[in-house]
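Asks: Task: produce atomic coordinates for the following.
(4 chains)
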There are 4 protein chains.
Amino acid sequence: MFKIDNIEIGGDRVIIIAGPCALENEEQALRITRIVKGVGAQTFRAQIFKPRTDPDSFQGLGLAGLPILALLKRETGLLLITEVLDPRDIEKVCDYCDILQIGSRSMQNFPLLIEAGKTGKPVMLKRGMGATIQDYLSAAKYITNQGNQRLILCERGIVTFEGYTRNTLDINGLMALKDISGFPVFIDPSHGTGRREMVVRAALAGIAAGADGVMVEVHYDPDSSLVDAKQTISSEQFSELMEKGRSVAEAIGRSM
Amino acid sequence: MFKIDNIEIGGDRVIIIAGPCALENEEQALRITRIVKGVGAQTFRAQIFKPRTDPDSFQGLGLAGLPILALLKRETGLLLITEVLDPRDIEKVCDYCDILQIGSRSMQNFPLLIEAGKTGKPVMLKRGMGATIQDYLSAAKYITNQGNQRLILCERGIVTFEGYTRNTLDINGLMALKDISGFPVFIDPSHGTGRREMVVRAALAGIAAGADGVMVEVHYDPDSSLVDAKQTISSEQFSELMEKGRSVAEAIGRSM
Amino acid sequence: MFKIDNIEIGGDRVIIIAGPCALENEEQALRITRIVKGVGAQTFRAQIFKPRTDPDSFQGLGLAGLPILALLKRETGLLLITEVLDPRDIEKVCDYCDILQIGSRSMQNFPLLIEAGKTGKPVMLKRGMGATIQDYLSAAKYITNQGNQRLILCERGIVTFEGYTRNTLDINGLMALKDISGFPVFIDPSHGTGRREMVVRAALAGIAAGADGVMVEVHYDPDSSLVDAKQTISSEQFSELMEKGRSVAEAIGRSM
Amino acid sequence: MFKIDNIEIGGDRVIIIAGPCALENEEQALRITRIVKGVGAQTFRAQIFKPRTDPDSFQGLGLAGLPILALLKRETGLLLITEVLDPRDIEKVCDYCDILQIGSRSMQNFPLLIEAGKTGKPVMLKRGMGATIQDYLSAAKYITNQGNQRLILCERGIVTFEGYTRNTLDINGLMALKDISGFPVFIDPSHGTGRREMVVRAALAGIAAGADGVMVEVHYDPDSSLVDAKQTISSEQFSELMEKGRSVAEAIGRSM
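Replies: Presented below is the predicted three-dimensional model:
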């Protein structure tokens, strides 16, 4: 357990990180932060770099998005989390966010992990989609070996033979990480399922299994998202997630 | 949704099936049914045939266990579910149980599925550990094509690259089956994790994700189980499962 | 190594088993046996029971196909291999074939394995698509425990996250089986790839890795096959397989 | 097909890349290059950066190894391939090698891919162990979009449920890449199996399936390797690989 500002990560309260898959512009960002804040989430996903499988897809705003992060922080006071891809960008990005995210595709990008560790900022390291629990915990050591213990782990689905869902959300993996890592463990039901109609239920499953937080993609008009539209939930679904999530959290003796 | 006696399967109430991995003798069976009934479960796992990976392992009591099934029914009135492996045994077994179980290893044993379908008895068909959702639903048609619609599906973990747990419980698969099959869908957190310390949490995750029932291995002295000791929970853990399970079920508008 | 008639299985010579995925009628069967015999294969796939994922697909001729097996044996003298699905059919089928095949979906159908073992006939047990090497070897013991040591193993592809091919041919598994089982190990490049254009190359890879035999689906008009058309090769491709296969076998000190 | 110096990559001749998993010191490097050159391989693996799963393992010599690369080039004239992990190192490394390697863990390190593409140097991009063929080809576009078409692909094993081998060598994937990418495709039987006793056979299988090259870990005293000892072959095994490999290549109409 550790604190960012006054917010406990890995404490009794289940933490919600929400926002669009990628920041697209000022207006989209502000509209979504208001939804996120309105239902009581603590942290906003503010992705300016999007590692896309295909180089011809939208790659995010890049460093040009930093002023939007500054604006969001000023306007909302939410904690901001943003992904970094390149060790050369970390220093610039650090000033504008509260948590550095290292994504699944970068889980074994060791130079990046080392740089992130050195900043002393809280880091969320997402599990690689082909990484065992053991590989994952070994990768985490690249960060903590720099003296940075403010680490958040996040299960977000693994590759399996099943093609109905984009990935297979590994609830067992979530529990294993809780049992052996000692770090707060979050769940990402958006990437973990890849299907909008499953996101709320997957989030509840994660909370029931002991997740310390949920990271979810939300948009006021999900179909218009430039990235990951199929797994982005609406503000109505997000309200449902918050309401049922609180009840499930209470059912197991936590809050949300 | 359908009924067995007065019990709705696939209705609002989440159903609990519990019992030892395998029946070992009369005394073990009776002691465990009392635990199971005591906490309010509706159905008892009464396995007399155990399909073991290794032929030199304990294979269950076989047909010699049928009198124990008769005794259990008489003494407890619980619904009984028992696995069949061989189409030649189905007729004999049918008289002693309320639900026929077809296990993961038999999911594509088509002659067995056809015979089970013909009996008209309710059938639980467990998902094969290497079977896609599509393979699974196709296999189910071998049963329903016989005119038997009283079918229960059960997610129990799939094979993946992750070796920390025996199988990877596929919560996404559970939701997919709920969304597209039209049949009640149960979850087996015992085989789905293979680890005793995870069983309760995995059951809660399944309930939160919408499972219509939970099938779980329970023993008054788990370590002494002849089969699957590592994934069998104690009566204390089973009580915890029931208590928290009820709260989680209520959190999503169901009962248990 | 053991012999069937005068043919060594698991000796220096790589054995070829070829034929249609399923027998469809007398004429188809005879035409394909002539192709198979013409290029020098020793064994004919003569499947009358086809375990199909979907119950509404063609399921084979069933016992009605037995007279065709008798005809083929009389006309060609080739060894015949045929799959059995149901322990109740084994006795009838035994009189008409030289090798009993137990398919992937039946790999853990233990009553079937035991009955097959009891016949004393040579048995080919194919690897289940979700079975580890260890599971596979354990299943094989159900046969050999009956005193039947004339067992052939066959790698035929496993389930993985890769969807470009129907299955992932596990060449490592083939080698593992050779190294630890002591039984002849064949390869099935038809199911192992599911793609006609890959079958010859996959067969050559298997031979190079040490396969003792190759089981392949051949048809004079592959696109007209009722079953598995996409993975069935033409007679021209089969000739290419035989010719290059001989060269590859010789390259590693064997014959074919 | 393209040329590096006078050596055709993706032509008739199967190319051999061999060397230790990691350069350890001058003497080790020189001894192994002599073995490699002695049996007729064209390219030497000269790894100075080793991305290790565990940060506490030997990580390679780093930039301190560059003078050894210069020495090897001067003494042997072999082509040198070396892995880069960090976009900040690419410029320095480029002067000392003929081919830049991007390893499996970096397959989706897009900033690194872009930098490698910009250098104009030939690049070998290894397949990620959890990457589909489609993910892999999309990643390759990050390099070729920079105008760099001198790309080599390399299949090196994927994650599956089978634990007997370190990875599952995906021969189907090799063929798929040959059929649809248009780039030379190599195979890495060392990582693809993780077991020394399988490396030669896996290499032969790859050649038989159409690999344009083989990348293999060799050491005069394999057990003393600081990295990947279990999958490193001896000079005797390497001679066997070359000899049988030539025969297999000729069996399918190529040379080696």
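Asks: If you drop the residues flanking it in sequence, what lies closest to A:Phe238?
Replies: A:Val218 (4.7 Å; C-beta to C-beta, 6 or more residues apart in numbering or on different chains). Using the backbone N, CA and C atoms, a C-beta is placed for each residue, glycine as well.
Asks: Please give me every residue in contact with that neighbour.
Replies: A:18-20, A:32, A:35-36, A:232-235, A:237-238 (C-beta atoms under 8 Å, 6 or more residues apart in numbering or on different chains).
Asks: cutoff 10 Å now
Replies: Listed by C-beta atoms under 10 Å, 6 or more residues apart in numbering or on different chains, the contact partners of A:Val218 are A:16, A:18-21, A:32, A:35-36, A:39, A:41, A:44-45, A:190, A:199, A:225, A:232-235, A:237-239, A:241.
Asks: what does A:Gly38 give?
Replies: Counting by C-beta under 10 Å, 6+ apart, A:Gly38 has contacts A:235, A:238-239, A:242.
Asks: out of those residues, which are inside helices?
Replies: Mapping the contacts of A:Gly38 onto helices (DSSP state H) picks out A:235, A:238-239, A:242.
Asks: So which bits of chain A are right by chain C?
Replies: A:129-130, A:158-163, A:167-168 (C-beta under 10 Å from any C-beta of the partner chain).
Asks: Among the residues you listed, the buried ones, what's the ChimeraX command?
Replies: Buried members of the residues of chain A next to chain C, defined by 16 or more other C-beta atoms under 10 Å in any protein chain shown, are picked up in ChimeraX with:
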select /A:129,130,158,159,160,161,162,167,168
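Asks: ok, now how distant is the closest residue in space to A:Asp56 that isn't next to it in sequence from chain B?
Replies: Closest residue to A:Asp56 apart from its sequence neighbours, by C-beta to C-beta, 6+ apart: D:Lys141 at 7.4 Å. Per C-beta to the nearest C-beta, to the nearest Å, D:Lys141 is found 26 Å from chain B.
Asks: and D:Lys141, what does it touch?
Replies: Here D:Lys141 is in contact with A:53-56, D:113, D:117, D:151 (criterion: C-beta under 10 Å, 6+ apart).
Asks: That one should be in a strand, yeah?
Replies: No - read with DSSP: H, G, I helix; E, B strand; the rest coil, D:Lys141 is helix and lies in no strand.
Asks: Chain B: which of the residues of chain A next to chain C is nearest?
Replies: A:Thr160 (4.7 Å; C-beta to the nearest C-beta).
Asks: quick one: contacts for the closest one?
Replies: A:129, A:167-168, A:170, B:132, B:158-162, B:168, B:170, B:172-173, C:159-161, D:159-161.
Asks: can you rerun that using 8 Å?
Replies: A:167-168, B:158, B:160, B:168, B:170, C:161.
Asks: With pLDDT and neighbour count as extra columns, can I get the ones in helices among the contacts of A:Gly38 in a markdown table?
Replies: A markdown table is the format used below for these (pLDDT from 0 to 100; neighbours: other C-beta atoms under 10 Å in any protein chain shown):
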| residue | pLDDT | neighbour count |
| --- | --- | --- |
| A:Ser235 | 95 | 20 |
| A:Phe238 | 97 | 28 |
| A:Ser239 | 97 | 17 |
| A:Met242 | 97 | 20 |
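Asks: With distance to B:Glu83 added, can I get those residues in JSON lines?
Replies: Formatted as JSON lines, those follow (distance: C-beta to C-beta, whole Å):
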{"residue": "A:Ser235", "distance to B:Glu83": "47"}
{"residue": "A:Phe238", "distance to B:Glu83": "43"}
{"residue": "A:Ser239", "distance to B:Glu83": "43"}
{"residue": "A:Met242", "distance to B:Glu83": "42"}
